[in-house]
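Peer 1: let's see this in three dimensions:
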Amino acid sequence: MTAGKLIHFSFRSILRNRMRSLLTSLGIIIGVCSVIVMVAVGQGSQAQIQKQIASMGQNLLMVMPARGPSRANRLTLDDVSKVKAESSYLQAISGTTRGSFNVVGGRGSEDGSGYYTTQVQGVEPDYLVIKEWGVSEGEFFTDSDVQGRAKVAVLGQTVATELFGTDDPIGQELRIGTTPFRVVGVLTKKGATGMGNDQDDVIMVPLNTAITRLSRDRYLDSIEMSVTRADLMDAAQEEVSTILREAHRIQAGKDDDFQVMNQSEIIATASATSKTLTTLLAAIAGVSLIVGGIGIMNIMLVSVTERTREIGIRMAVGARKRDILFQFLSESVILSLLGGGIGILLAFGLCWVLKTFMATPAIIQPGIVAAAAGFAAAVGIFFGYYPAKKAAGLYPIDALRYE
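Peer 2: Below you'll find the model as predicted:
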C-alpha cells in the first residue's frame, strides 16, 4: 500500500467518527498546549527578571553580610572608605541601609490611617550612578549633606504621588518615623523589580542621617558598586573580596563574613526559582500527554474490535499484515499530530491573551513547539503500536466469522 493511500484511508476512518476522534485527541491537545504555555510563561518570566535586574544598574557588584551561626553583620562605613580608596576597578560605590517606616506628610495615606508606609534607604550620592537613576524634579543630596547628616529626602515617583498628588513636593516637609525631613528632589520613574517590587515606592536620605537618626545602627545592610567595564567584573569582585578580608582581619583558610555577588550571580539566583517552577509545571503538564496516549490506545483497541470483519475482508482480498499494521499505526499517529496541531494553535492563542490582557510575559520558542509536536507523534507511535499489532495479528477466517 502506498503512503498516499495509507493516509487517505486513515483520514477516512478518523472522519467517520469525528466527535470520537476529537475526544480521543483531547488529552494530546491539553498536554501540548499546557507544556508550551508553561514553558513560554517561564521563559518570559526569566527574560523579564534579567531585564529588570539589568535596569537596576550595569556592571553591578553587591556586598552582603554573610548570615549564619555566630556571624554578625560587620559591614561598616570604614569598609566603604577602604574599598573606595584601594580599589582600582570601581566607577562608583555607596553603602546602603534599608528599613520600612511610617511617613507623615502631604495628604497622608489614602486608607485614613494618617501615614504612609514605605521603604527608606540611606545612600550616598554615587548610588544614582550605580543604579543609573536620575532626578526628575529638584536635586539629589550631596556629599556635604551626607557628612553633615542633613535631614533632606528624595522621593520615588510612587511616594511623591501618594503623599502630594499633583502638588509640587519640592521644599515640603514630611516626617519619617519621628524625624522631620525636607524634600529636595523626586526621582525619575524606575518601575518594578524582577520580583515584582515597586522600585519607585522609596525614599532616599543621606546615609549618615539614616544611620544616626533612623536605624541607629552603625552597620550597613549592603555595599553596592559599579565596575568601570564588564570585562573587569571578575577581577573587581576578587579585589573587593581581598580588601574586605584585610579590613575584617580574616585569616587565611577562614570563611568570609561577607558575600560579594556580581550581576550575573544575582540574575542566576533570581532566575533559579523561576526555572525550577517552570520545569515542574511543564513536567506535570506533560503527564496529560501520557494520559492522552492511553486514551488513543483505548480507542484504537475499540476500533480494532469494531472493524474486525473489515480487517478480515481486506486480508481475504490480499492485504498483508504490515498493511494492516501501518494503517492502524498511521491512524494513531495522525490522531496525535492533529491533537498536537490544535494544541499548538491553542497555546499561541492563550499566550497572546496572557500578554495582551493580563500583562503576563510569555515567550514561545520554536524549539519547544517542535519538541511538543515530536513528542505527540512519539506518543501516537508508542500507544498505537499495540492495537495496530493486534489488528495485524488477526487470522482472516476468524476475522470474517466475527459478528
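Peer 1: show me where the stretch 51-200 of the chain dips below the pLDDT cut-off.
Peer 2: Along the stretch 51-200 of the chain, segments meeting pLDDT under 70 span 51-57, 68-73, 107-114, 192-196.
Peer 1: the lengthiest strand in the chain: which residues count as buried?
Peer 2: If you go by DSSP state E, the chain has its longest strand at strand 90-105. Along strand 90-105, these residues count as buried under the neighbour rule (16 or more other Cβ atoms under 10 Å): 90, 92-97, 101-105. Where C-beta positions appear, they are placed from N, C-alpha and C, glycine not excepted.
Peer 1: please apply the same query to stretch 131-140.
Peer 2: 131, 133, 137-138, 140.
Peer 1: same deal with stretch 76-83?
Peer 2: Neighbour counts over stretch 76-83 (16+ other Cβ under 10 Å) mark 76-77, 79-80, 83 as buried.
Peer 1: from Tyr386, how far off is Gly293?
Peer 2: Going from Gly293 to Tyr386 by Cβ to Cβ, to the nearest Å gives 11 Å.
Peer 1: who has more neighbours, those two?
Peer 2: When neighbours are counted by other Cβ atoms under 10 Å, Gly293 and Tyr386 differ, and Gly293 comes out ahead with 24 against 15.
Peer 1: so after the helix or strand where that one lies, what's the next helix or strand?
Peer 2: Per DSSP states H and E: Gly293 is located in helix 263-306. Remark: after helix 263-306, the chain's next helix or strand is helix 308-316, criterion DSSP H and E.
Peer 1: helices and strands around that next one, which ones?
Peer 2: Packing partners of helix 308-316 (3 or more Cβ pairs under 8 Å, 6 or more residues apart in numbering; DSSP states H and E): helix 321-357, helix 396-401.
Peer 1: what is the burial count for Thr166?
Peer 2: 6.
Peer 1: before we move on, the earlier item: out of the helices and strands packed on helix 308-316, indicate the one that is most buried.
Peer 2: helix 321-357 (a mean of 20; mean count of other Cβ atoms under 10 Å).
Peer 1: quick check: angle from that one to helix 308-316?
Peer 2: Helix 321-357 runs at 130 degrees relative to helix 308-316, counting by axes from the mean of the first three to the mean of the last three Cα atoms, to 10 degrees.
Peer 1: between helix 321-357 and helix 263-306, how big is the angle?
Peer 2: Relative orientation of helix 321-357 versus helix 263-306 (the same axes, to 10 degrees): 140 degrees.
Peer 1: C-terminal to helix 321-357, what's the next element?
Peer 2: Tracing the chain past helix 321-357, the next element assigned as helix or strand by DSSP H and E is helix 366-392.
Peer 1: next, the angle from that next one to helix 321-357.
Peer 2: Going by the same axes, to 10 degrees, helix 366-392 makes 150 degrees with helix 321-357.
Peer 1: ends of stretch 350-367, how far apart?
Peer 2: 18 Å (Cα to Cα, to the nearest Å).
Peer 1: contacts for that stretch?
Peer 2: Here stretch 350-367 makes contact (Cβ atoms under 8 Å, 6 or more residues apart in numbering) with 33, 36-37, 39-41, 43-45, 47-48, 347-348.
Peer 1: can you tell me which of the residues you listed end up in helices?
Peer 2: 33, 36-37, 39-41, 43-45, 47-48, 347-348 (DSSP state H).
Peer 1: circling back to that earlier point, of the buried residues of strand 90-105, which is the nearest to Ala378?
Peer 2: Thr96 (53.0 Å; Cβ to Cβ).
Peer 1: residues contacting that closest one?
Peer 2: Thr96 touches 121-123, 127, 207, 220-224, counting by Cβ under 8 Å, 6+ apart.
Peer 1: likewise for Ser100?
Peer 2: Ser100 touches 117-120, counting by Cβ under 8 Å, 6+ apart.
Peer 1: redo that, cut-off 7 Å
Peer 2: 117, 119 (Cβ atoms under 7 Å, 6 or more residues apart in numbering).
Peer 1: before we move on, what about the one 3 residues further on?
Peer 2: Contacts for Val103 (Cβ under 7 Å, 6+ apart) come out as 115-116, 118, 163, 174-176, 203.
Peer 1: is Ala160 part of a helix or strand, or is it coil?
Peer 2: When classified by DSSP: H, G, I helix; E, B strand; the rest coil, Ala160 comes out as helix.
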